[in-house]
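J.: build the 3D model from these lines:
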Amino acid sequence: MHNSQQHSTRRRAAGWRRILPALAAGLCAAAAAGAAHAADAEAAGRALFTKGATPACAVCHTLADAGAAGTIGPDLDELKPDAKRVALAVRNGIGVMPAFEALSDADVQVLADYVAAATGAAQ
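T.: Numbering: from 1, shown residues only. Take a look at the predicted model:
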């Protein structure tokens, strides 16, 4: 390698040594923020399921993650509905289950994602 090539290679390496720690810290912070957001979404979904909807989903449905043991509607742990199925049921009602028109679209999505995740349904 020529002297100028060696100098250029060393400069690039030195630059990466300065940038990599900041890049790694940024990636770790983004991962932590993503995990915090997921935990917040799970907590919000659980809150909607247990008391945020009127009537609360937990009154009628069994869902172990929420500590719910309702027997009027299907046992969601056994049914394992995906988020799309939950959202459709919440928005439109099904059987004796009413449509939850007071919930925003965002709330319906958070609730649907929570139920699907809590039951291990395929997303």
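
J.: extract the residue ranges of the chain that are flagged as low pLDDT.
T.: The chain contains residues with pLDDT under 70 at 1-38, 122-123.

J.: ok, which stretches of it are strands?
T.: Secondary structure of the chain (DSSP state E): strands at 62-63, 68-69.

J.: and of these, who's closest to Gly45?
T.: Between Gly45 and the strands of the chain, the shortest separation by CB to CB is 10.4 Å, and it involves strand 62-63. Glycine gets a C-beta too; all of them are placed from N, C-alpha and C.

J.: which one of the strands of the chain is the most hemmed in?
T.: Among the strands of the chain, strand 62-63 has the highest mean neighbour count (mean count of other CB atoms under 10 Å), at a mean of 20.

J.: name the helices or strands packed onto it?
T.: Contacts defined by 3 or more CB pairs under 8 Å, 6 or more residues apart in numbering; DSSP states H and E place strand 62-63 against helix 76-79, helix 105-119.

J.: elements contacting the first one?
T.: Counting contacts by 3+ CB pairs under 8 Å, 6+ apart, the secondary-structure elements packed against helix 76-79 are strand 62-63, helix 105-119.

J.: one more pass at 6 Å, please.
T.: Helix 76-79 sits against helix 105-119, with contacts defined as 3 or more CB pairs under 6 Å, 6 or more residues apart in numbering; DSSP states H and E.

J.: for stretch 51-63, measure first residue to last.
T.: Taking CA to CA, to the nearest Å, stretch 51-63 runs 13 Å from one end to the other.

J.: list the contacts of Ala68.
T.: Residues near Ala68 by CB atoms under 6 Å, 6 or more residues apart in numbering: 58, 62.

J.: okay, and the beta partners of it?
T.: Note on Ala68: beta-bridge partners by DSSP bridges are Leu63.

J.: give me the buried positions along stretch 102-116.
T.: If you call a residue buried by 16 or more other CB atoms under 10 Å, then stretch 102-116 has these buried ones: 103, 107-116.

J.: contacting residues around that stretch?
T.: So stretch 102-116 is in contact with 41, 44-45, 48, 76, 82-83, 86-87, 90-91, going by CB under 6 Å, 6+ apart.
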